[in-house]
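>>> pasted the sequence and its predicted model underneath.
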Amino acid sequence: MTFQAEWLRTTLLAISLAFVVTGPVLADSSTQPNTKPAEFKVTDFLLGNGMEVVVIPDHRAPIVTHMVWYKIGSADEPPGKSGIAHFFEHLMFKATTNHAAGEFDRAVSDIGGSNNAFTSYDYTAFHETVAPSSLELMMSFEADRMRNLILTDDVIKTERDVILEERRSRIDNNPQAVLDEEVDATLWQNQPYRIPVIGWMQEMEQLNRIDATAFYDKYYRPNNAVLIVAGDVEPDAVKALAEKTYGKVARGPDLPPRIRPVEPEQNTKRTVTLSDARVSVPSFSTQWVVPSYHSGKPGEAEALDLLAEILGGGNRSRLYQALVVQQGIASSAGAYFQGTMLDDTNFTVYGAPRGDAKLADVEAAVDAEVARIASGGVTPEELEKAKDRYVRSMIFARDKQDSMAEIYGSTLATGGNVRDVQQWPDRIRKVTADEVKAVAARYLVLARSTSGYLLPQQQAGN
Amino acid sequence: MNLHRHALSSPARGEGRTRAALATLVLSILFLILPALAARAMDIQQVTSPKGITAWLVEDYSVPVVAVRFVFGGGSTQDPPGKEGLANLMTGLFDEGAGSLDSEAFQIRLDDAGAEMSFDETRDGIYGSMRMLADQRDEAFDLLRLAVDEPRFDQAPIDRIRSQILSGIIANENDPDTIAQNKWARAIYGDHPYSRSDQGTRQSIAAITQDDLKALHKAVFARSGLHVAVVGAIDAETLKKKLDMVFGDLPQSQALTPVADVEPKLAQHLEVNYDLPQTSLQLAWPGVKRKSADFFPAVLMNEILGGGTFTSRLYQEVREKRGLAYGVNSSLVNQDHANALIVTTGTRSDRVAETLGIVRDVVKEMAENGPTEAELAATKKYMVGAYAINNLDSSSSIAATLVELQLDDLGIDYMQRRAGYINAVTLDQVKAAAKKLLTAEPTIMVVGPPLAGAGKG
């Protein structure tokens, strides 16, 4: 938990997050000529009960990352039950008919492993990193809690207090997070991404055992789950262990397709403003609804990835060079695109002034760069360098086992498949300058955007 | 947005050395010990170049990447009085022009080389990292040499980076946690350099000149204070040449300002009143030196008290049983000149007294009776197994770990020895460590609305 430079860090974090999440990995043989790339063969198969399995061998260290991804996230929650997906994730660590509460955690720490879980809009994932000899044990615990959880009112009440504290610490204690929540609720008028993953406080307070049980029975099923195993293992061995553990869990009823409320066409410029005594330097962000890898036409999301990189992906980007280096009016400026989502997603630009510069000047300069890229497009050289950076990021990602597991897991949980990840570098390479210009012109229209302003208290009403 | 169930700090990348300053709430947990398995799998070579530069190398061709990590001892404690923020500003300038390349030319070359370079500082050191693609490593190493050996510190990038840092300082001026951490650092360190802001102040960073940067670079960037680790697709002979090229022309000796050791001042009650939905709590007890005989007993004790697992006593009592907090942990913080044991948590304002009471009760129980034999046995197993997972999961993290081992002078075969150190610790030693550290009256800081009829504290 860090409290320093939160306003800056939030944006930086968002960039790195987008980069990791949208940057799948170069699969199979490397294109690097002067090196000796190891075999990098990803295997996928289906268990008899419908559970998908992906194995990513990596024999550099005797470690294995084991992840179970459920295709259920906050955007799938019933109306009025916001936060249930995340709350339920917490409840998965309680007692089952076979194991007392805390037994799984103890088993993981006894072997020096690490474990945790996370929830997002489109998925909920549980993971352990252990020595390969403990893989079967992890599988047996995960398979057990997929179906045998015991939920009592006492457990619900205590853990609900924990998620309320989590909300206070993540959101309510942080003006930037409060604003971000309101911006999302304004950008999205119909699609459930308008609702925070952690939930609205007054709905979280009412979540109960009946909600949790209904949620569990509907979604925690092998045919709604993806198993990712990355590390010092072989596919055949993983398959045998998976059949022995997960394979014994009964398939659930088929779930209906995840068809969610669709966003109406946006015809307005919307703004959200928060003034707070804790803020000393103002900042802004502007967001647009854009397609994701899953919802877009072929090539659109790839073009948006490259657009985000060229416009504001780092210190060689147009926004950084223009606002921070040349004009000297901004302390930060950039852009990001979150492509790994089931439905349409958002594209964001942001900035904050430095010195005597005014926020309005920074915003005008960001808008000008957005307009310039939409009308003039990108140069072939910019495009090539952006592609190089993406391909490079994928090679770097191969160096970290759990990053690899997350790239595959998030892709499969949002409607993609193994081939989508493997072919991603080739698809990035194929994007043309015209395609980048086209997505900028089509989607980054200021008259149909949503901006959020975080202001010091005295600037209220400006 | 990803929400995680558990709020646990990332594990420390070093051992016996916590890189986060005590004055920030970024407190890491110490994990020790490597399983015999991982120790076997990792062959660490000591490489010494013709000019006498030594590095630890793990040669590995699985991924076409080379990760370099190095440190020069002497971090922001070397900032002259009135020039606080100097080391931090310097770390922002190494990729802003070097040799014949100005800022823009340097960054274009770096991007073309497919490499990522970063520098950062702690109170006690200035760290550099580089991650490069194996087939472009010559170009990347050339740029690293320029950055390390011939940084330009041109006025335009100085002014730009300085004003970005200034924006950050101003942005935090009304932030209750920043205010609280500054108050905390002054209260527990008094006049020691650890009490000063490593970012600097409005006034101090305005006072920094190009000459100050050059002088600090000259004093710190010398071979006597250097530790290097390299992991990835490179062999020892090639690395020797690169070491001489990058570091071989640096001066032999550092010229550091001596820094005194300091004991954090305890038994204080600090409050920062602010209308917040959740109140943060931070408590400090005495720590233990890395070289002290009771280091491992203390590390095991801390792990059981509130360390990196979901089974720790604080986690169980504060969160699992009572739902008082989302996160709670204890950490041993080891810096070059100060050590402490820190507990942090946060709870809603009307439960502060209750939470503080539970934390203090758990600590008191540990001080008086220590852990059980079963807790100690389980924690030993955990710490033996967890090291590889927490410290060796990528080329960059292996390189970072190897640099910390060198800084702590633990020896190249340390990973094979360390399970032995852990397993040799007795229950009596852990009980003694608990009594020694935790019977002191802690310094407590409360950040939130004023306490109504405060509890124990």
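Nice, I can see it.
>>> burial of A:V130, as a residue count?
Applying the criterion other CB atoms under 10 Å in any protein chain shown, we find 25 residues in the vicinity of A:V130. Quick note: C-beta positions are derived from backbone N, CA and C, even for glycine.
>>> then the one 10 residues further on?
Counted with other CB under 10 Å, the neighbours of A:S140 add up to 18.
>>> check the secondary structure at it for me.
The three-state label given to A:S140 by DSSP: H, G, I helix; E, B strand; the rest coil is helix.
>>> residues in contact with it?
Shown in contact with A:S140 (CB atoms under 8 Å, 6 or more residues apart in numbering or on different chains): A:T245.
>>> A:A107 now?
Taking CB under 8 Å, 6+ apart, we find A:A107 in contact with A:137, A:141.
>>> tell me the first helix or strand C-terminal of the helix or strand hosting it.
If you go by DSSP states H and E, A:A107 is part of helix A:103-110. Past helix A:103-110, further along toward the C-terminus, the next helix or strand under DSSP H and E is strand A:114-119.
>>> average pLDDT for stretch A:332-349?
Average pLDDT, stretch A:332-349: 97.
>>> close to chain B, is that stretch?
Yes. On the criterion CB under 8 Å from any CB of the partner chain, stretch A:332-349 is in touch with chain B at A:S332.
>>> need the distance between the two termini of that stretch.
End-to-end distance for stretch A:332-349: 11 Å, by CA to CA, to the nearest Å.
>>> next: stretch A:109-118.
Termini of stretch A:109-118 sit 19 Å apart (CA to CA).
>>> can you check stretch A:220-227 too?
End-to-end distance for stretch A:220-227, by CA to CA: 13 Å.
>>> so what's A:E181 up against?
Residues in contact with A:E181 (CB under 8 Å, 6+ apart) are A:171, A:196.
>>> 6 Å instead, please
A:P196 (CB atoms under 6 Å, 6 or more residues apart in numbering or on different chains).
>>> can you name the next helix or strand after the helix or strand that contains it?
Using DSSP H and E, A:E181 sits in helix A:175-187. Beyond helix A:175-187 in the direction of the C-terminus, DSSP H and E gives the next helix or strand as helix A:201-204.
>>> mean confidence for that following helix?
Mean pLDDT, computed over helix A:201-204, is 98.
>>> who's in contact with that helix?
By CB under 6 Å, 6+ apart, the residues outside helix A:201-204 that reach it are A:82-83.
>>> for it, which positions count as buried?
Neighbour-count burial for helix A:201-204 flags A:201, A:203-204 (criterion: 16 or more other CB atoms under 10 Å in any protein chain shown).
>>> again with stretch A:382-391
Buried residues in stretch A:382-391, counting neighbours by 16+ other CB under 10 Å, are found at A:382-383, A:385-387, A:389-391.
>>> what about the residue of the stretch 51-200 of chain B found nearest chain A, neighbour count?
For the stretch 51-200 of chain B, the residue closest to chain A is B:D177, as judged by CB to the nearest CB, at 3.1 Å. B:D177 is flanked by 23 other residues according to other CB under 10 Å.
>>> and it, what pLDDT?
Listed pLDDT for B:D177 reads 93.
>>> what's the helix or strand for it?
Using DSSP H and E, B:D177 sits within helix B:176-189.
>>> distance-wise, check B:R313 relative to chain A.
Distance, B:R313 to chain A, using CB to the nearest CB, to the nearest Å: 12 Å.
>>> thought A:A143 was touching A:K244?
No. Using CB atoms under 6 Å, A:A143 and A:K244 do not qualify as a contacting pair, with a distance of 9.1 Å.
>>> compare the two (neighbour count), which wins?
The neighbour count for A:A143 versus A:K244, taken as other CB under 10 Å, is higher for A:A143 (21 against 13).
>>> now that one, what's its secondary structure?
Secondary structure for A:A143, judged by three-state DSSP, is helix.
>>> name the nearest residue to it, sequence neighbours excluded.
A:T245 (4.3 Å; CB to CB, 6 or more residues apart in numbering or on different chains).
>>> and the residue of chain A that's closest to chain B?
Taking CB to the nearest CB, chain A has A:G112 as its residue nearest chain B, at 1.6 Å.
>>> residues contacting that residue?
A:G112 neighbours (CB under 6 Å, 6+ apart): B:382, B:384-386.
>>> which stretches of the stretch 201-350 of chain A form helices?
Per DSSP state H, counting those that start in this stretch, the stretch 201-350 of chain A carries helices over the ranges A:201-204, A:209-219, A:235-244, A:300-312, A:318-319.
>>> avg pLDDT for stretch B:141-160?
Regarding stretch B:141-160, the rounded mean pLDDT is 98.
>>> is chain A contacted by it?
No. Figure legend: stretch B:141-160 not in contact with chain A (CB under 6 Å from any CB of the partner chain); closest approach 6.6 Å.
>>> state the distance from the residue nearest to A:M51 when sequence neighbours are not counted to A:Y123.
Distance criterion CB to CB, 6+ apart; nearest residue to A:M51, sequence neighbours excluded, is A:P222 at 3.9 Å. Per CB to CB, to the nearest Å, A:P222 is found 15 Å from A:Y123.
>>> okay, strands next: where are they in chain A?
For chain A, applying DSSP state E gives strands covering A:43-46, A:52-57, A:64-70, A:114-119, A:124-130, A:225-231, A:270-276, A:283-290, A:330-337, A:345-353, A:450-456.
>>> which one of the ones you listed lies closest to A:K81?
Minimum separation from A:K81 across the strands of chain A (CB to CB) falls at strand A:114-119, 13.7 Å.
>>> same question for that closest one, mean pLDDT?
95.
>>> next, count neighbours for A:H99.
18.
>>> repeat for B:K241
B:K241: 13 neighbours (other CB under 10 Å).
>>> can I get the helices of the stretch 201-350 of chain A in TSV including distance to A:A75?
Output for the helices of the stretch 201-350 of chain A, formatted as TSV (distance: least, CB to CB, whole Å):
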stretch	distance to A:A75
helix A:201-204	15
helix A:209-219	13
helix A:235-244	28
helix A:300-312	18
helix A:318-319	30
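>>> so which of these is the most packed in?
Stretch with highest mean neighbour count among the helices of the stretch 201-350 of chain A: helix A:300-312 (a mean of 27; mean count of other CB atoms under 10 Å in any protein chain shown).
>>> please export the C-alpha coordinates of it as PDB.
Extracted in PDB, the C-alpha atoms of helix A:300-312 (Å, rounded to 0.1, in the frame of the first residue of the first chain):
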ATOM      1  CA  GLU A 300      -9.700  -2.800 -35.100                       C
ATOM      2  CA  ALA A 301      -8.400  -3.500 -31.600                       C
ATOM      3  CA  GLU A 302      -4.900  -4.000 -32.900                       C
ATOM      4  CA  ALA A 303      -5.100  -0.600 -34.500                       C
ATOM      5  CA  LEU A 304      -6.300   0.900 -31.300                       C
ATOM      6  CA  ASP A 305      -3.400  -0.700 -29.400                       C
ATOM      7  CA  LEU A 306      -1.000   0.900 -31.800                       C
ATOM      8  CA  LEU A 307      -2.900   4.200 -31.700                       C
ATOM      9  CA  ALA A 308      -2.600   4.300 -27.900                       C
ATOM     10  CA  GLU A 309       1.100   3.600 -28.100                       C
ATOM     11  CA  ILE A 310       1.800   6.200 -30.700                       C
ATOM     12  CA  LEU A 311      -0.400   8.900 -29.200                       C
ATOM     13  CA  GLY A 312       0.500   8.400 -25.600                       C
END
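>>> show me what from the stretch 351-457 of chain B comes close to chain A.
For the stretch 351-457 of chain B, the residues in contact with chain A (CB under 6 Å from any CB) are B:378, B:381-382, B:384-386, B:389, B:394-395.
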